[in-house]
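> Predicted model follows, preceded by the sequence.
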Amino acid sequence: MNDFSMPRGERAVRPDFVPQEDNISPEIARLEKQKLWTRTWQMACREEEIPRVGNFVTYDVIGQSIIVVRTESGAIKAYHNVCLHRGRQLTAGCGTVNKFHCSFHGWQWNLDGELLRVHDRDDYAGCSHMQDSDLGLSEVRSASWGGFVFINMDPACEPFEEYIAPAQRALGPMRFEDMRFAWYKTMVIKTNWKTALESFMESYHVASVHPQYLPIVDERNKSFAEGPHGKHIYTLERPMGAPSFRTGKPVPEDLREGIASVLSVFKEWVGDAEGKGQVTVRSIDAAQRVLTELPAGLPPMDITMAAIGYMMEAAAKVGVQWPILSMEQAMDAGVDWNLFPNMVLVFAFDGCLVFRARPNGDDLESCVFDMWSILRMAPQEVPVLEREFYPDWKDHVDKIPKLLVQDLRNMEGVQRGLHSLGLKGLRTNPVQEVQISHFHEVLHQYLYAK
């Protein structure tokens with residue numbers, strides 16, 4: 001029988017154990033609201049969402065609302081989304097303003113958060129703390145990295161440079177800031193925010209959930225802690241394009257078809273209706289040249305590098321330059337990172353899938369889940385950004401990439417299973433699921449800090 005009242009030390013996180021109450025307990029959700037969300041750096045939006053003066057995005061989490069805006073100077077600032085008169089929220093969603101206007105009583109602020117107008121201000125004559133300096137919008141700490149804008153509601157939070165340092169070291173060379181939105185999907189999922197996010201923190205599930213990869217990808221991987229974050233890498237015991245060791249099949253003598261197929265699978269399973277997803281269609285098509293322009297019998301690495309060369313050549317023709325990573329940098333980057341607390345990056349070649357999860361109000365069994373594709377595109381290739389919202393993802397499976405539907409189908413079943421009296425804790429793989437156990441270890445550091 002489950003006993004969630006046991007002393008915390010007896011249910012502490014280990015590399016091979018995570019207490020399931022972390023994802024189902026109302027007390028954990030209460031502690032998160034009190035000690036996690038208001039004290040951590042969180043990705044609020046992409047810089048490309050607010051390219052011009054007055055563009056804003058509203059970021060909502062656990063009943064708190066933050067405005068992220070491009071100011072007159074071109075700088076990005078963030079404010080608590082609240083009128084200092086009676087508490088009316090100033091913005092919702094995203095848009096463009098030349099000032100912040102409260103629609104209740106007409107108070108106004110400029111984009112730098114400075115007070116512009118109080119109706120009938122002389123009524124406040126003699127009242128204390130009514131100087132302009134007392135009534136500016138309450139600023140929230142913000143910072144940018146990789147084209148992402150992060151906010152932190154804690155004025156005494158750790159410096160952003162310390163928070164992002166591990167990712168900057170390993171992922172900075174990839175220049176995510178040069179990528180642009182291919183698509184933007186937000187949905188409500190009937191699962192805890194952590195359960196949803198953890199689905200993308202490991203590749204241990206690939207053989208069971210994504211069997212289409214087994215003929216062309218050896219998915220054996222290792223997972224590592226990186227400061228408060230985590231990552232995993234493929235061990236490369238077999239070259240790209242070779243079947244998984246699980247199939248029992250040998251590595252083919254000619255890997256041209258396998259390497260071309262890896263890119264084709266990205267298009268079919270991770271792409272939208274146009275094939276855009278984790279890799280540009282431009283690169284997918286260019287990589288097929290290995291089938292017709294390379295002789296049989298080349299070493300696997302020669303074929304892989306030729307495919308990458310074809311992709312880079314196609315990019316250069318439209319004015320896109322790839323960053324050049326050394327083999328050491330590529331290995332350090334890996335294939336998947338989670339940035340604590342609620343963001344995951346899954347990348348390949350010239351694109352990245354971005355996942356973000358947040359509690360859906362006070363319903364700990366439900367979350368708001370963002371699923372984005374960002375790609376390395378020339379200006380003429382960038383589509384108009386359309387934010388799609390699905391109140392129930394199951395009603396929109398035709399609009400979600402097939403591989404991600406495979407992942408979504410597991411999440412709600414996992415969330416229900418976490419309540420089972422037959423479960424004594426989650427037995428995470430101590431090699432391939434370190435991202436998950438480490439994530440919970442860091443979570444506990446926040447929740448149980450004195």
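Arrived safely. All figures in this text were calculated on a predicted structure; none of them were measured in a lab.

> which parts of the top strand by length along the chain are buried?
Using DSSP state E, we find that the single longest strand of the chain is strand 363-375. Applying a neighbour-count criterion of 16 or more other Cβ atoms under 10 Å, the buried positions in strand 363-375 are L364, E365, S366, C367, V368, F369, D370, M371, W372, S373, I374, L375. Every residue, glycine included, has its C-beta placed from N, CA and C.

> Identify the residues contacting the helix or strand that that strand is followed by?
Next in sequence after strand 363-375, counting helices and strands by DSSP states H and E, comes strand 387-390. Strand 387-390 is contacted by residues C94, W183, Y184, K185, T186, M187, V188, H396, K399, I400 when judged by Cβ atoms under 8 Å, 6 or more residues apart in numbering.

> could I have stretch 207-217 exported to PDB, CA atoms only?
Provided in PDB are the C-alpha atoms of stretch 207-217 (Å, rounded to 0.1, in the frame of the first residue of the first chain):
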ATOM      1  CA  ALA A 207      11.600   1.300 -28.900                       C
ATOM      2  CA  SER A 208       8.100   0.800 -27.500                       C
ATOM      3  CA  VAL A 209       6.400   4.100 -28.500                       C
ATOM      4  CA  HIS A 210       8.100   5.000 -31.700                       C
ATOM      5  CA  PRO A 211       9.000   1.600 -33.400                       C
ATOM      6  CA  GLN A 212       9.200   3.400 -36.800                       C
ATOM      7  CA  TYR A 213      12.700   4.400 -35.700                       C
ATOM      8  CA  LEU A 214      14.100   1.000 -34.900                       C
ATOM      9  CA  PRO A 215      15.100   0.100 -38.500                       C
ATOM     10  CA  ILE A 216      17.200   3.200 -38.900                       C
ATOM     11  CA  VAL A 217      18.200   4.500 -35.400                       C
END
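
> Centre of the chain to it, how far?
23 Å (Cα atoms, centre = their mean, to the nearest Å).

> what do you get for stretch 313-322?
Centre-to-centre, stretch 313-322 and its host chain are 26 Å apart (Cα atoms, centre = their mean).

> cool, stretch 101-120 as well?
Here stretch 101-120 shows a centroid-to-chain-centroid distance of 34 Å under the convention Cα atoms, centre = their mean.

> now the end-to-end length of that stretch.
16 Å (Cα to Cα, to the nearest Å).

> Report the outermost residue of this structure with respect to its centre.
Using Cα atoms, centre = their mean, the residue of the chain lying farthest from its centre is G126. It sits 49.5 Å away.

> Could you report the separation of that residue from H105?
Distance, G126 to H105, by Cβ to Cβ, to the nearest Å: 20 Å.

> got it, and H80?
From H80 to H105 the distance is 18 Å (Cβ to Cβ).

> Kindly report the same for A307.
62 Å.

> What helices and strands are in contact with the longest strand of the chain?
helix 26-31, strand 180-189, helix 193-198, strand 351-360 (3 or more Cβ pairs under 8 Å, 6 or more residues apart in numbering; DSSP states H and E).

> L339 is nearest to which of the ones you listed?
L339 lies closest to strand 351-360 among those, at 9.6 Å (Cβ to Cβ).

> List the buried residues of that closest one.
Buried-residue list, strand 351-360, by 16+ other Cβ under 10 Å: G351, C352, L353, V354, F355, R356, A357, R358, P359, N360.

> A207: which of those is nearest?
When those are ranked by distance to A207 (Cβ to Cβ), L353 comes first, at 19.6 Å.

> Counting neighbours, go ahead and name the busier of H80 and H105.
H80 (17 against 12; other Cβ atoms under 10 Å).

> Report the contact partners of the nearest residue to that one once chain neighbours are set aside.
Of all residues not flanking H80 in the chain, S138 sits nearest, at 4.3 Å (Cβ to Cβ, 6 or more residues apart in numbering). If a contact means Cβ under 8 Å, 6+ apart, then S138 has Y79, H80, V82, L84, G113 as its contacts.

> ok, now how distant is S138 from L111?
S138 is 15 Å from L111, by Cβ to Cβ.

> same check, this time on A348
From A348 to L111 the distance is 38 Å (Cβ to Cβ).

> So those two - more neighbours on which side?
L111 (23 against 17).

> Might one say that E32 is in contact with I62?
Yes - the pair E32 / I62 is scored as a contact, 7.5 Å apart, by Cβ atoms under 8 Å.

> shared neighbours of the two, anything?
Listed contacts common to E32 and I62 are P359; contacts here mean Cβ under 8 Å, 6+ apart.

> got the contact list for F347?
F347 touches M174, Q278, A333, V335, D336, L353, counting by Cβ under 8 Å, 6+ apart.

> Sitting in helices, which of these do you find?
Mapping the contacts of F347 onto helices (DSSP state H) picks out A333.

> Just the closest of the contacts of F347 to N55, please.
Of the contacts of F347, the one sitting nearest to N55 (Cβ to Cβ) turns out to be L353, at 24.3 Å.

> and the closest residue to the closest one other than its chain neighbours, which of the three is it?
Closest residue in space to L353, ignoring its immediate chain neighbours: V346 at 4.4 Å, by Cβ to Cβ, 6+ apart. The local conformation at V346, judged by DSSP: H, G, I helix; E, B strand; the rest coil, is strand.
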